[in-house]
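Visitor: model the structure of this input:
(chains A and B)
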2 protein chains.
Amino acid sequence: MPQKPTLEFWLEFASTYSYPAAMRIDAEARARGVSVRWRPFLLGPAFKANGWTTSPFNLFPAKGRYMWRDLTRICAALDLPFAEPSNFPQNTLLPARVALVALAQDWGEDFCRAVYRAQFGDGRDIGETSAIADILNALGQNAETVLAQAKSDSIKALLRSETEEAAARGIFGAPSFFTADGEFFWGNDRLEAALDWATR
Amino acid sequence: MPQKPTLEFWLEFASTYSYPAAMRIDAEARARGVSVRWRPFLLGPAFKANGWTTSPFNLFPAKGRYMWRDLTRICAALDLPFAEPSNFPQNTLLPARVALVALAQDWGEDFCRAVYRAQFGDGRDIGETSAIADILNALGQNAETVLAQAKSDSIKALLRSETEEAAARGIFGAPSFFTADGEFFWGNDRLEAALDWATR
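Guide: Here you go, the predicted structure:
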């Protein structure tokens, strides 16, 4: 039996275009018989390597204004709730760590989607522990237990090594996709091309 | 009789993703009954406003490496000849001026496509007068006459005012598209969305 094609999905919770990508990757991958591995990481170190102290969408206002309008159109076309967050980019250290706990179990992708929806759909600040606890409770998890696991040394080290691997792979933005043969695609608008490449 | 929908296509000859956009916009627009107005401009002043002294693809090498690979894939899928130019970005002052001469006549779009093909398909340096003269000759134009028109005060002033209008519109990259109702789209990958919006 041939092995199922795979795609790595590198995501950063503060990344605006990762929101529609996270919401639609499951259906697009299933339609092509592709298995997706979700790999949360932190984009901050890659930005710092470019000399950026915050998101380029804040540093370059014309590009930022365009992005919010573009994302509004994209979410409308996908029928996804969307409102520009009152603070951007948000601190994603805690949700990224919790995602690594969750992805080692069977509720990781649901958690990731819920974090994006909370931030870009419901106006929550996902840097706040209370927002993450609410998501964990809604998923039927014990928030106290999971939050303690997320702050363990092993999870902290895992997020650091994932973030270092992203930099070593040349990842400079999110969402990013890697096929098993090393082909690299960047952006929600490259999701279909990445999945198609994975099935070649 | 209803008026034909229109789309403005803002292009910079050094812009890599403007190459596939220029090569396919005519067919995509015809398929939707949209009339396209080609508006060449210079992206340099917008880059300078961001504090960039050259293309961001040179300033941020990881992004640049990705772009060349991405463009290689896109051109292969479109069956467009492509080779990374030996110098990038090229000086596009002369071809932009000539394009304004040509677009006021009936061979402007052919000229623009030929400039992109020369640079990204044939390895020419479009900043050199000889490369532009070869394109003009191939199009059956009198190169000497056209080059003289391109250096006239009126054409110089027109390119300056087009470039200023691009900045005033918030354009920060190319290709950029504007619909008649002011909707702004950026990137070769937004061409279909821009044309579809124009027909709404």
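
Visitor: isn't residue A:17 up against residue A:175?
Guide: Yes: taking contacts as CB atoms under 8 Å, residue A:17 lies within contact range of residue A:175: 6.4 Å. Where C-beta positions appear, they are placed from N, C-alpha and C, glycine not excepted.

Visitor: what residues are shared contacts of the two?
Guide: A:187-188 (CB atoms under 8 Å, 6 or more residues apart in numbering or on different chains).

Visitor: settle it for me: which of these two has more neighbours?
Guide: residue A:175 (25 against 19; other CB atoms under 10 Å in any protein chain shown).

Visitor: give me the buried positions along the helix ranked longest in chain A.
Guide: Longest helix in chain A, counting residues (DSSP state H): helix A:61-78. Neighbour-count burial for helix A:61-78, counted by 16 or more other CB atoms under 10 Å in any protein chain shown, picks out A:62-64, A:66-67, A:70-71, A:74-75.

Visitor: next: stretch A:22-30.
Guide: A:22-23, A:25, A:28-29.

Visitor: ok, and the closest non-adjacent residue to the residue nearest the centre of chain A?
Guide: Geometric centre of chain A, nearest residue: residue A:11, 2.9 Å, by CA atoms, centre = their mean. Spatial nearest neighbour of residue A:11, chain neighbours left out: residue A:18 (4.7 Å); criterion: CB to CB, 6 or more residues apart in numbering or on different chains.

Visitor: for the one you found, grab the count of nearby residues.
Guide: Neighbours of residue A:18 (other CB under 10 Å): 26.

Visitor: for it, give me its contacts.
Guide: Applying CB under 8 Å, 6+ apart, the residues contacting residue A:18 are A:11-12, A:116, A:174-175, A:188.

Visitor: look up phi and psi at it.
Guide: Main-chain dihedrals, residue A:18, degrees, to the nearest 10: phi -70, psi -20.

Visitor: repeat that for residue A:188.
Guide: Torsion angles, degrees, to the nearest 10, at residue A:188: phi -50, psi -40.

Visitor: and residue A:148, by the same measure?
Guide: phi -70, psi -40.

Visitor: okay, the buried residues of helix A:61-78 in TSV with distance to residue B:87 and pLDDT next?
Guide: Listed next are the buried residues of helix A:61-78 as TSV, based on distance: CB to CB, whole Å; pLDDT from 0 to 100:
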residue	distance to residue B:87	pLDDT
A:62	27	90
A:63	26	93
A:64	31	95
A:66	29	96
A:67	30	97
A:70	31	98
A:71	35	98
A:74	35	98
A:75	40	98
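
Visitor: quick one: the residues you listed as a markdown table, columns for distance to residue A:3 too.
Guide: Output for the buried residues of helix A:61-78, formatted as a markdown table (distance: CB to CB, whole Å):
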| residue | distance to residue A:3 |
| --- | --- |
| A:62 | 45 |
| A:63 | 40 |
| A:64 | 42 |
| A:66 | 41 |
| A:67 | 37 |
| A:70 | 37 |
| A:71 | 35 |
| A:74 | 33 |
| A:75 | 35 |
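
Visitor: and for the closest residue to residue A:65 other than its chain neighbours, the neighbour number?
Guide: Closest residue to residue A:65 in three dimensions, ignoring its sequence neighbours and counting by CB to CB, 6+ apart: residue B:170, at 6.4 Å. Counted with other CB under 10 Å, the neighbours of residue B:170 add up to 16.

Visitor: before we move on, what SS does residue B:170 have?
Guide: coil (DSSP: H, G, I helix; E, B strand; the rest coil).

Visitor: residue contacts, it?
Guide: Going by CB under 8 Å, 6+ apart, the list of residues near residue B:170 reads A:62, A:65-66, B:184.

Visitor: got the phi and psi for the residue nearest to the centre of chain A?
Guide: Dihedral angles (degrees, to the nearest 10) for residue A:11: phi -130, psi 150.

Visitor: who's it bridged to?
Guide: residue A:40 (DSSP bridges).

Visitor: quick check, it in contact with residue A:39.
Guide: Yes: in this structure, residue A:11 is within contact of residue A:39 by CB under 8 Å, at 7.1 Å.

Visitor: residue contacts, residue A:163?
Guide: Residue A:163 touches A:41-42, A:45, counting by CB under 8 Å, 6+ apart.

Visitor: let's see it at 10 Å
Guide: A:12, A:40-46, A:96, A:171 (CB atoms under 10 Å, 6 or more residues apart in numbering or on different chains).

Visitor: give me the common contacts of residue A:11 and residue A:39.
Guide: A:99, A:176.

Visitor: residue A:123 contacts residue A:90, correct?
Guide: No: using CB atoms under 10 Å, residue A:123 is not in contact with residue A:90, being 11.3 Å away.
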